[in-house]
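*Asks:* Any chance you can model this:
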Amino acid sequence: MDNLLRDIQPQTIDLCIFDLIPSFLNIPFYFYYGNDAHDSDFMRAEQLRESFYMALLEFPIIVGHLETDGSGHAKVVVDPDNLNIPEFLESQSSVHFRDLRTANSLLDIMPEDRKALDDPTLELITTTGPLVRWLAWISPKTRGMLLNKAFSLMSVVGHTFHFSTSRLASLRASVQGYLSSDVHLSDNDILTALLSMVIAQSQAEYKRDSASASYLSSLASYLFPSMYEPDSSFVTQVVIDTRPRLKGLSAAKYTGNSVLTRCLVNSMESLTSGITEQSLAPIAKGVRQLVNGVDSQYIGQYVDTLHKDLLRFMCPATYAFTKTTMLLSNQSRLPSYKADFGNGIPTWVSSVRAFFPNFSSIMPAPPLTGGYVVYISMAERAMAKLLQNEFWMSTNDMLY
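*Replies:* Sure, this is the predicted structure:
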């Protein structure tokens, strides 16, 4: 830590609206490392602590203070005399690692040409109102506290599921058989379509049972009507990485937010009629078309649209309050299993037990296992409906 305090330089880092969109939503991960060699020096706290402070020196934005002016402008101020240093904490878990192991296993490079945004995505990033403007005006700390409190009213739980390479390949081949030869589906297309259908069905069944909700659930239904009231359509918010779609992004060494969210809208009827390989086919095709439609021109228009009103960074956060939706992030290409502190790569990487409602992420499975790990976080009673879905449960193995 001495090196950090000595070498850190004062600086101010201006943030753009793209950086502010995920500022209130950080996806947490747990990294598990196994001491198979029974090494007494395995993952020494002193070594980890020192590498932690070295990383902070390389990324000074982490030790700065976020300052906003209530109008959508924000910056991170790094003051060597007033650093915002994250805590390095150690704790002892009551769960032994062997139990876990044996468990059921950007603006300066935008092109000049633009492509019009589709209406659902345009609605996602431009629908403002008193709530959006108020949430954008209050401090980031207060905003985070209020959103966390709101989510706590919903009794959210999370589960992870493993999709083996062979089982997913078989499902993809079956679904592909219902489409023309010019449509080539990816694993992401299949998983996104399947998640859209099973989560839409679970939500629909959950809402039908909500008439007898308790007072607390009634309060939550008043605050978040989309969680309880029937809807004719379902929106899958697909998070798409812009890095491979912008030629200069890698060369610019851009480290800010480099994803955008595009909306896939399906009728609730098409998603809740029963999951089969045939019913999955048009949904998966829609996902493929959605992802293929994001190019440099689309990204440029997306950024331009956001910058017309800097308070729009809060629009995606409030969108879920009025729509029956899910947010899906595919993180399977992140190098999660390359995080080596000198004692080998993680044995297991996962998200937290419960995040926020109607969120799903696709993560890589451990290298020796292969396939994908899918994490889903939902309201407890909606999750109960999902776990009763026979088609869903036949495609994977629930880990926890």
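*Asks:* tell me which residues in the longest helix belonging to the chain are buried?
*Replies:* Taking DSSP state H as the assignment, the helix of the chain that covers the most residues is helix 187-208. Neighbour counts using 16 or more other CB atoms under 10 Å place 187-207 of helix 187-208 among the buried residues. From N, CA and C alone the C-beta is placed, and that goes for glycine too.
*Asks:* tell me the mean pLDDT over it?
*Replies:* Mean pLDDT, helix 187-208: 92.
*Asks:* Only the C-alpha atoms, please, for it, written as PDB.
*Replies:* Coordinates of each C-alpha in helix 187-208 appear next as PDB, following Å, rounded to 0.1, in the frame of the first residue of the first chain:
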ATOM      1  CA  ASP A 187     -24.900 -21.200 -28.700                       C
ATOM      2  CA  ASN A 188     -25.800 -17.600 -27.600                       C
ATOM      3  CA  ASP A 189     -28.900 -17.600 -29.900                       C
ATOM      4  CA  ILE A 190     -30.100 -20.900 -28.400                       C
ATOM      5  CA  LEU A 191     -29.500 -20.000 -24.800                       C
ATOM      6  CA  THR A 192     -31.000 -16.500 -25.200                       C
ATOM      7  CA  ALA A 193     -34.100 -17.900 -26.800                       C
ATOM      8  CA  LEU A 194     -34.500 -20.600 -24.200                       C
ATOM      9  CA  LEU A 195     -34.000 -18.200 -21.300                       C
ATOM     10  CA  SER A 196     -36.500 -15.800 -22.800                       C
ATOM     11  CA  MET A 197     -39.100 -18.500 -23.000                       C
ATOM     12  CA  VAL A 198     -38.600 -20.100 -19.600                       C
ATOM     13  CA  ILE A 199     -38.400 -16.700 -17.800                       C
ATOM     14  CA  ALA A 200     -41.400 -15.400 -19.600                       C
ATOM     15  CA  GLN A 201     -43.400 -18.500 -18.700                       C
ATOM     16  CA  SER A 202     -42.300 -18.400 -15.100                       C
ATOM     17  CA  GLN A 203     -43.200 -14.700 -14.800                       C
ATOM     18  CA  ALA A 204     -46.600 -15.300 -16.400                       C
ATOM     19  CA  GLU A 205     -47.400 -18.100 -14.000                       C
ATOM     20  CA  TYR A 206     -46.200 -16.100 -11.100                       C
ATOM     21  CA  LYS A 207     -48.400 -13.100 -12.000                       C
ATOM     22  CA  ARG A 208     -51.400 -15.400 -12.200                       C
END
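*Asks:* how about low-confidence regions in the stretch 1-150 of the chain?
*Replies:* Counting by pLDDT under 70, the stretch 1-150 of the chain has low-confidence residues at 22-26, 94-95, 97-111.
*Asks:* all helices of it, in order?
*Replies:* Here the stretch 1-150 of the chain has its helices, by DSSP state H, counting those that start in this stretch, at 2-7, 17-20, 45-58, 97-101, 119-126, 130-137, 140-152.
*Asks:* Quick one: closest of those helices to Asp340.
*Replies:* Set against Asp340 and scored by CB to CB, the helices of the stretch 1-150 of the chain come closest in helix 45-58, at 10.9 Å.
*Asks:* Now tell me what touches the closest one from outside.
*Replies:* The set of residues that contact helix 45-58 without belonging to it, under CB atoms under 8 Å, 6 or more residues apart in numbering, is 1, 3-4, 7-8, 62-63, 85-86, 88, 90, 341-342.
*Asks:* now with 6 Å?
*Replies:* Contacts with helix 45-58, where a contact means CB atoms under 6 Å, 6 or more residues apart in numbering, come from Met1, Leu4, Asp7, Ile62, Val63, Phe88, Glu90.
*Asks:* okay if I get those as a markdown table plus distance to Leu264?
*Replies:* Listed next are those as a markdown table, based on distance: CB to CB, whole Å:
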| residue | distance to Leu264 |
| --- | --- |
| Met1 | 46 |
| Leu4 | 44 |
| Asp7 | 47 |
| Ile62 | 34 |
| Val63 | 38 |
| Phe88 | 41 |
| Glu90 | 43 |
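*Asks:* Write the ChimeraX selection for whichever of those residues are buried.
*Replies:* Buried residues within the contacts of helix 45-58, by 16+ other CB under 10 Å, are selected in ChimeraX with:
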select :4,63
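*Asks:* Can you name the two of the contacts of helix 45-58 that sit furthest apart?
*Replies:* Pairwise distances among these were taken by CB to CB; the largest, 25.2 Å, belongs to Asp7 and Glu90.
*Asks:* I'd say Leu290 and Asn266 touch.
*Replies:* No. Counting by CB atoms under 6 Å, Leu290 does not reach Asn266; the two are 11.0 Å apart.
*Asks:* now Tyr178: how far from Leu311?
*Replies:* Using CB to CB, to the nearest Å, one obtains 44 Å as the distance from Tyr178 to Leu311.
*Asks:* Phi, psi for Val349 please.
*Replies:* Here the main-chain torsion angles of Val349 (degrees, to the nearest 10) amount to phi -130, psi 130.
*Asks:* What is the neighbour count of the residue lying closest to it once chain neighbours are set aside?
*Replies:* In space, and not counting its chain neighbours, Val349 is closest to Ser336: 4.4 Å by CB to CB, 6 or more residues apart in numbering. For Ser336, the number of neighbouring residues by other CB atoms under 10 Å comes to 20.
*Asks:* for Ser336, phi and psi?
*Replies:* For Ser336, the backbone dihedrals (degrees, to the nearest 10) come out as phi -60, psi -40.
*Asks:* Cross-check the contact I'm expecting between it and Trp348.
*Replies:* No. At 9.8 Å, Ser336 does not count as touching Trp348 under the criterion of CB under 6 Å.
*Asks:* Please identify the deepest-packed of the helices of the stretch 1-150 of the chain.
*Replies:* Taking mean count of other CB atoms under 10 Å as the contact definition, the stretch among those with the greatest mean neighbour count is helix 17-20, which reaches a mean of 21.
*Asks:* Give me the distance from that helix to the chain's centre.
*Replies:* Offset of helix 17-20 from its chain centre (CA atoms, centre = their mean, to the nearest Å): 16 Å.
*Asks:* Turn the helices of the stretch 1-150 of the chain into CSV, including distance to Gly300.
*Replies:* What follows is the helices of the stretch 1-150 of the chain, written out as CSV (distance: least, CB to CB, whole Å):
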stretch, distance to Gly300
helix 2-7, 38
helix 17-20, 12
helix 45-58, 30
helix 97-101, 45
helix 119-126, 14
helix 130-137, 24
helix 140-152, 28
